[in-house]
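Q: next input, structure requested:
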Amino acid sequence: MIPTIIIAGTHSGCGKTTIASALMSALRKRGLIVQPFKVGPDFIDPSHHTAICKRNSRNLDPYMMGENGVKETFALACEGADIAVIEGVMGMYDGLDGEDTGSTAHVSKILKAPVILVIDTKGSSRSVNAVAKGFASFDTDVNIAGIIFNNLGSNRHSEMIKSSLYLPALGWIPHHKEKSTESRHLGLKMAHETSAMAEFTEILEKNSDIDAIIEISKQTKENSYNDLQLKEDFSCEKEKVRIGIAFDEAFNFYYQDNFERLKKFGAELVFFSPIRNSLPEVDAVYFGGGYPELHMKKLEESNCRDDIKKAADNGMVIYAECGGLTYLCEKLTYENKNSKMCGIIPADAIKMDRFQALGYVSAKCITDKSILPQNISYKGHEFHYTKINCGYDTKFAIKLSRGTGIEDNYDGIYVQNVLAGYTHAYFTDKFAENFVLKAFKNKNNL
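A: Numbering: from 1, shown residues only. Now for the predicted structure:
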């Protein structure tokens with residue numbers, strides 16, 4: 001079993017993202033090959049992990065993937081790595097609907113991996129040890145091996161905590177406001193916009209015991225993967241299908257597993273920038289989420305916008321999520337400014353002042369007229385600040401039993417061979433296979 005460490009937190013905002021990223025950087029400086037992971041459906045934190053580790057960070061989400069899916073993704077991603085570092089989500093025990101499912105603790109039990117708990121010490125001293133004791137005793141199946149105390153005000157502050165330690169202290173991190181990473185409406189800034197995470201490495205190295213953390217990672221217990229088909233060959237017998245992936249500063253919210261599943265069923269992925277490039281020669285297009293509202297003028301002025309519209313009119317298979325949905329609309333409004341978008345979806349998108357939906361999604365296709373087969377089901381996540389004002393003749397392909405969607409729990413507007421919704425889908429094998437197959441049939445007029 002690969003040595004593994006999970007960086008958990010008592011709550012959101014306690015500093016676990018910065019500390020996890022700095023730990024990844026510190027381990028790489030020691031010559032280790034680090035495989036990063038993020039618990040939950042988040043896209044932003046993994047972008048920092050990937051930039052630091054030079055290996056794609058993978059999401060571990062028991063709700064979307066199932067427990068076996070967590071094990072499979074973990075095992076496959078760790079091939080060739082020396083150590084795995086997993087950043088938790090929210091507070092360690094925060095799961096779906098107030099339960100254990102999907103929590104950092106749940107993932108630690110699935111993978112039998114030790115946990116280091118990050119505690120924000122601001123505004124307290126001896127009480128943080130009561131917090132540590134409470135977390136350690138709440139679920140004894142979770143191995144909390146040590147604590148990193150964050151946001152310390154002074155040496156005096158740390159001495160007051162040391163007098164009554166309950167768990168081993170692995171780090172004493174002083175307050176460093178100037179090293180914090182800025183946020184905006186969907187979370188922290190992306191990795192390509194800030195270097196604050198990597199810059200925190202020296203602070204972590206100076207104020208924590210990296211050697212002890214490495215030793216703790218070796219406490220990871222053997223896990224059973226006997227029921228997983230890790231090496232099964234899904235090579236496509238057909239000719240390759242080229243799927244364009246919109247990937248730049250406007251579109252960058254993707255699950256790496258989705259890419260792997262598309263390739264597994266015979267797709268060749270062609271990455272391009274809708275801001276800077278024309279549409280490449282592809283048989284289908286996949287638009288993920290991101291921040292098109294921050295780049296809408298450039299998107300409006302790019303030739304790619306017309307390319308996408310022509311391709312859609314000619315019947316190309318196009319699948320879009322969240323930010324991709326707004327890009328395919330008639331118009332996008334942000335801060336009282338309007339930009340023309342692709343004009344494929346008969347609707348306008350407006351960026352609102354507060355989020356319009358946040359949470360997990362359970363989806364099912366309710367028609368045989370979209371690019372997905374009727375009754376196919378999948379899970380995912382939604383988080384957006386935009387609102388879609390639909391036209392009178394809008395047709396929906398997806399019904400949500402959990403989630404908000406575009407309108408009245410419906411999602412997935414479809415027009416010809418275009419399907420666009422708010423759900424960030426975690427592709428099942430069936431989803432990916434049908435996406436590739438639809439592109440293949442459309443390409444060959446079958």
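Q: C-alpha only now, for contacts and for neighbours.
A: Fine.
Q: can you give me the helices in the stretch 301-446 of the chain?
A: With DSSP state H, counting those that start in this stretch as the definition, the stretch 301-446 of the chain shows helices at residue ranges 304-313, 323-328, 429-443.
Q: between those, which one is closest to residue 67.
A: Of all the helices of the stretch 301-446 of the chain, it is helix 429-443 that lies closest to residue 67, at 15.8 Å by C-alpha to C-alpha.
Q: quick one: list the elements packing against that closest one.
A: Identification of packing neighbours for helix 429-443 by 3 or more C-alpha pairs under 8 Å, 6 or more residues apart in numbering; DSSP states H and E yields strand 241-246, helix 256-264, strand 317-321.
Q: looking at these, which is closest to residue 127?
A: Per C-alpha to C-alpha, nearest to residue 127 of the helices and strands packed on helix 429-443: helix 256-264, 40.3 Å.
Q: could you give the angle of the closest one to strand 241-246?
A: 160 degrees (axes from the mean of the first three to the mean of the last three C-alpha atoms, to 10 degrees).
Q: list the buried residues in whichever strand or helix holds residue 214.
A: For residue 214, the host element (DSSP states H and E) is helix 210-217. Of the residues in helix 210-217, 210, 213, 216-217 count as buried by neighbour count, 16 or more other C-alpha atoms under 10 Å.
Q: which one of those residues sits closest to residue 257?
A: Among those, and counting by C-alpha to C-alpha, the member closest to residue 257 is residue 217, at 24.8 Å.
Q: contacts only, for the closest one.
A: 3-5, 83, 113-114 (C-alpha atoms under 8 Å, 6 or more residues apart in numbering).
Q: now for those residues: which two are most distant?
A: 83 and 114, at 12.7 Å, using C-alpha to C-alpha across these.
Q: now for these two: what residues contact both?
A: With C-alpha under 8 Å, 6+ apart, residue 83 and residue 114 have common neighbours 4, 217.
Q: neighbour count: these two, which is higher?
A: residue 114 (26 against 22; other C-alpha atoms under 10 Å).
Q: with adjacent residues omitted, what lies nearest to that one?
A: residue 143 (5.1 Å; C-alpha to C-alpha, 6 or more residues apart in numbering).
Q: tell me, how many residues neighbour that neighbour?
A: 19.
Q: thought it was touching residue 113?
A: Yes. Residue 143 lies in contact with residue 113 (C-alpha atoms under 8 Å); the separation is 7.3 Å.
Q: ok so, going back, so can I have JSON lines of the contacts of residue 217 showing distance to residue 431, pLDDT and secondary structure?
A: As requested, these are exported to JSON lines (distance: C-alpha to C-alpha, whole Å; pLDDT from 0 to 100; DSSP: H, G, I helix; E, B strand; the rest coil):
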{"residue": "3", "distance to residue 431": "33", "pLDDT": "97", "secondary structure": "coil"}
{"residue": "4", "distance to residue 431": "31", "pLDDT": "98", "secondary structure": "strand"}
{"residue": "5", "distance to residue 431": "32", "pLDDT": "98", "secondary structure": "strand"}
{"residue": "83", "distance to residue 431": "32", "pLDDT": "98", "secondary structure": "strand"}
{"residue": "113", "distance to residue 431": "31", "pLDDT": "98", "secondary structure": "coil"}
{"residue": "114", "distance to residue 431": "34", "pLDDT": "98", "secondary structure": "coil"}
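Q: which residue of this protein lies farthest from its centroid?
A: residue 163 (39.4 Å; C-alpha atoms, centre = their mean).
Q: so residue 50: helix, strand or coil?
A: helix (DSSP: H, G, I helix; E, B strand; the rest coil).
Q: quick one: pLDDT of it?
A: pLDDT for residue 50: 96.
Q: tell me how many other residues crowd it.
A: 20.
Q: can I assume it is in contact with residue 59?
A: No. Counting by C-alpha under 8 Å, residue 50 does not reach residue 59; the two are 11.7 Å apart.
Q: any low-confidence regions in the chain?
A: For the chain, the stretches with pLDDT under 70 are 177-198, 224-239.
Q: per-domain residue ranges of this protein.
A: Each domain of the chain is listed here as a residue range: 4-217, 241-443, per automatic domain parsing.
Q: rewinding a little: so how far is residue 330 from the residue farthest from the centre of the chain?
A: 63 Å (C-alpha to C-alpha, to the nearest Å).
Q: now do the strands in the stretch 251-400 of the chain.
A: Remark: strands assigned in the stretch 251-400 of the chain by DSSP state E, counting those that start in this stretch are 251-253, 267-272, 284-287, 289-290, 317-321, 331-334, 337-340, 347-351, 357-365, 377-384, 386-390, 396-402.
Q: equivalent analysis for the stretch 51-200 of the chain, please.
A: For the stretch 51-200 of the chain, the strands defined by DSSP E, counting those that start in this stretch occupy 58-60, 83-87, 115-120, 144-152, 169-174, 183-184, 187-188.
Q: now the longest one - C-alpha only, CSV.
A: Extracted C-alpha coordinates of strand 144-152, given in CSV (Å, rounded to 0.1, in the frame of the first residue of the first chain):
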residue,chain,number,x,y,z
ILE,A,144,-6.2,11.0,13.7
ALA,A,145,-2.4,10.7,14.1
GLY,A,146,-1.5,14.3,14.8
ILE,A,147,-2.4,18.0,14.7
ILE,A,148,-1.2,21.0,12.8
PHE,A,149,-2.0,24.1,14.7
ASN,A,150,-2.6,27.0,12.3
ASN,A,151,-2.8,30.8,12.6
LEU,A,152,-0.8,31.2,15.8
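Q: where along the stretch 1-150 of the chain do the helices fall?
A: 16-29, 44-53, 62-77, 104-111, 127-138.
Q: okay, those helices in CSV with distance to residue 371 next?
A: Below are the helices of the stretch 1-150 of the chain laid out as CSV (distance: least, C-alpha to C-alpha, whole Å):
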stretch, distance to residue 371
helix 16-29, 37
helix 44-53, 28
helix 62-77, 21
helix 104-111, 34
helix 127-138, 46
